[in-house]
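Student: Let me see the structure of the following:
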Amino acid sequence: NTTLENGHTNIRYIMDWGDGIRDTVMGKQKMTHQYNLASFDPCGEDNVQMEMKLIAIPLDCPSKQHNVTKPVFVTFKPRPDFSSKIEICIASPAVTFTNQSCPSQGLNYRWNFGDPASASNASAEKNPTHTFSGTGDFTVTLVDSNVCGTDAKSKNIRVVGLPKADFSFIVDPATACLPNPIADFKNNSNQWSNTTWSITPNDTLKWRFTDTSMRFSSRDIRVRFIQAGQYTVRLTASNVCPQPNVQEEKIQIYAPPGISLQSPGAFCDSKTIRLADLGFKESGAITAYRWTFVNGTPSSAVGRDFPPVTFTQSGAIALLAESPCGNVADTVPILIASTMPVDISSNKTVYCQNEPPLTLSAIPTGGSWLINGRTNAAIDAQGVFQPGKLAPGKYALTYTAGTVQCPNEQDLDIEVKDSVSVALEAEPI
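Tutor: Okay, the predicted model is just below:
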């Protein structure tokens, strides 16, 4: 629209667009120009200002130039963006969205929270806060618009429920007895739970995973127990919610039972037996002890120890040990021998040296004889006594009879006297 004075009509127009580009036309014509804004950051500045200059030069008088300068403001198209937590807990379902769109001025905002069940699923605020209606995945969309156009940005927000740890397990064999019981642990925790296992004591000499690729972070685990004892298995469930949830179970692994009793020996007439007399040894898991005393008093008892038991005749002690891994038993005999009465009192107590050998009387027969506590040639094993083999004097005669375990004896004091000789002579004539 430039008009030059003095009627110049043949005019050359030069348009300097302000970005280093010039266009030249003859006469009045419509000119257009597209700016290249690749070197500008729309998030660093809201718009770009340049100076556009139009120069008019009459060809018949070039020195009579005329120019007009005007500013040009370039506005960027919207570039929507926002930030927020991408995972939140249902216990605190409100989320504030921070708008990071460019340019920072001159934009209109339309939010859609992808939550039609909520009280308000849309907002025109720059930095809105939205309370989600429940758990799940929600697509949040921000639409920006200005004079240059419209653009949108979407992000996924997950609202998780409270974590809930839950597991079940099966032990094979069901008795949980060594050797090598295996337990399968199945994780039944809810979908919102990130889970981690732990086993106490954490000692691979006592237990191991059945698969070398298995970890505490595995969904399900399988464990082989090597040693007996009590183990605590714990599953911890957690997520963005502040309080984790834990399930804990105790597992008892048993060793097979073992018992051993030793015979206390043989006794005379009667014996009172106590547990210490039996050399009792035990191992493994034993839950009950049941004693039986054959020919004893009392006849039975329950418990690891038992009261004193008296036997007056031979019998036995039997123990049944009950265990989750099966019962075991052991029996030992109790030998009671009777002491036999001994009697040699019917024998006389005075003997002459010149008496012929005679067999002494003894009840019972089959015993052994001693004179003054020693064996002596004057009496043999059958009780044949020869007084002539003893010097005159007093002696202690001892007779022993009965079993090896229960011998019995009796003493008899005797005296051996000189022989009496009588000689008759003829009367002198």
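
Student: Find me the pLDDT at residue 276, would you?
Tutor: Looking at residue 276, its pLDDT stands at 97.

Student: That one: what secondary structure?
Tutor: helix (DSSP: H, G, I helix; E, B strand; the rest coil).

Student: how many other residues sit next to it?
Tutor: The number of residues packed near residue 276 is 9, by other CB atoms under 10 Å. C-beta coordinates here come from the backbone N, C-alpha and C atoms, glycine included.

Student: quick one: the helices in this protein?
Tutor: Secondary structure of the chain, counting by DSSP state H: no helices present.

Student: which ones are touching the residue nearest the centre of the chain?
Tutor: Nearest to the geometric centre of the chain sits residue 199, at 3.2 Å (CA atoms, centre = their mean). By CB atoms under 8 Å, 6 or more residues apart in numbering, the contact set of residue 199 is 207, 223, 231, 232, 233, 234.

Student: just residue 137 next, same as before
Tutor: 156, 157, 158.

Student: Show me where the stretch 151-300 of the chain has its strands.
Tutor: Residue ranges of the strands in the stretch 151-300 of the chain, as given by DSSP state E, counting those that start in this stretch, are 167-172, 182-187, 194-200, 207-209, 221-225, 229-238, 245-253, 258-260, 266-268, 271-273, 281-283, 288-297, 300-302.

Student: rewinding a little: and the furthest pair within the contacts of residue 199?
Tutor: 207 and 234 (13.8 Å; CB to CB).

Student: Tell me which of the strands of the stretch 151-300 of the chain approaches residue 71 most closely.
Tutor: Residue 71 sits nearest to strand 194-200 of all the strands of the stretch 151-300 of the chain, at 57.8 Å, using CB to CB.

Student: Just list whatever residues bridge to residue 371.
Tutor: For residue 371, the beta-bridge partners under DSSP bridges are residue 374, residue 397.

Student: gap between it and residue 388?
Tutor: Counting by CB to CB, to the nearest Å, the gap from residue 371 to residue 388 is 14 Å.

Student: Looking at those two, which has the bigger crowd around it?
Tutor: Between residue 371 and residue 388, residue 371 has the larger neighbour count (other CB under 10 Å), namely 18 against 15.

Student: can I assume the more buried one is in contact with residue 380?
Tutor: No: using CB atoms under 8 Å, residue 371 is not in contact with residue 380; the gap is 11.6 Å.

Student: ok so, going back, more crowded one of residue 207 and residue 234?
Tutor: Neighbour count, other CB under 10 Å: between residue 207 and residue 234, residue 207 has more, with 21 against 16.

Student: quick one: the more buried one and residue 14, what's the gap?
Tutor: 90 Å.

Student: And residue 263, by the same measure?
Tutor: Taking CB to CB as the measure, residue 263 falls 130 Å from residue 14.

Student: Name the surrounding residues that touch the lengthiest strand in the chain.
Tutor: With secondary structure taken from DSSP state E, the chain has its longest strand at strand 309-322. Defining contact as CB under 8 Å, 6+ apart, one finds that strand 309-322 is touched by 257, 259, 261, 267, 269-274, 278, 282, 286-298, 301, 327-336.

Student: do the same with stretch 363-382
Tutor: Contacts for stretch 363-382 (CB under 8 Å, 6+ apart): 340-344, 359-360, 383, 385-387, 389-390, 395-402.

Student: if you set the cut-off to 10 Å instead, what comes out?
Tutor: For stretch 363-382, contacts defined as CB atoms under 10 Å, 6 or more residues apart in numbering pick out 340-346, 351, 357, 359-360, 362, 383-390, 394-402, 407-411, 414, 416.

Student: Pull out the buried residues from these.
Tutor: 342, 344, 351, 360, 362, 383, 385-387, 390, 395, 397-399, 401-402, 407-408, 410, 414, 416 (16 or more other CB atoms under 10 Å).

Student: okay, residue 8: pLDDT?
Tutor: Residue 8 is given a pLDDT of 67.

Student: same check, this time on the one 10 residues further on
Tutor: Residue 18 carries a pLDDT score of 86 in this model.

Student: And residue 45, by the same measure?
Tutor: 66.

Student: and if you look at residue 42?
Tutor: pLDDT, residue 42: 72.

Student: now residue 423
Tutor: For residue 423, the pLDDT comes out at 69.

Student: again with residue 1
Tutor: Among the per-residue scores, residue 1 shows a pLDDT of 53.

Student: still on that earlier bit, in strands, which of the buried ones among the contacts of stretch 363-382 fall?
Tutor: Among the buried ones among the contacts of stretch 363-382, the ones falling in strands (DSSP E) are 351, 385, 395, 397-399, 401-402, 407-408, 410, 414, 416.
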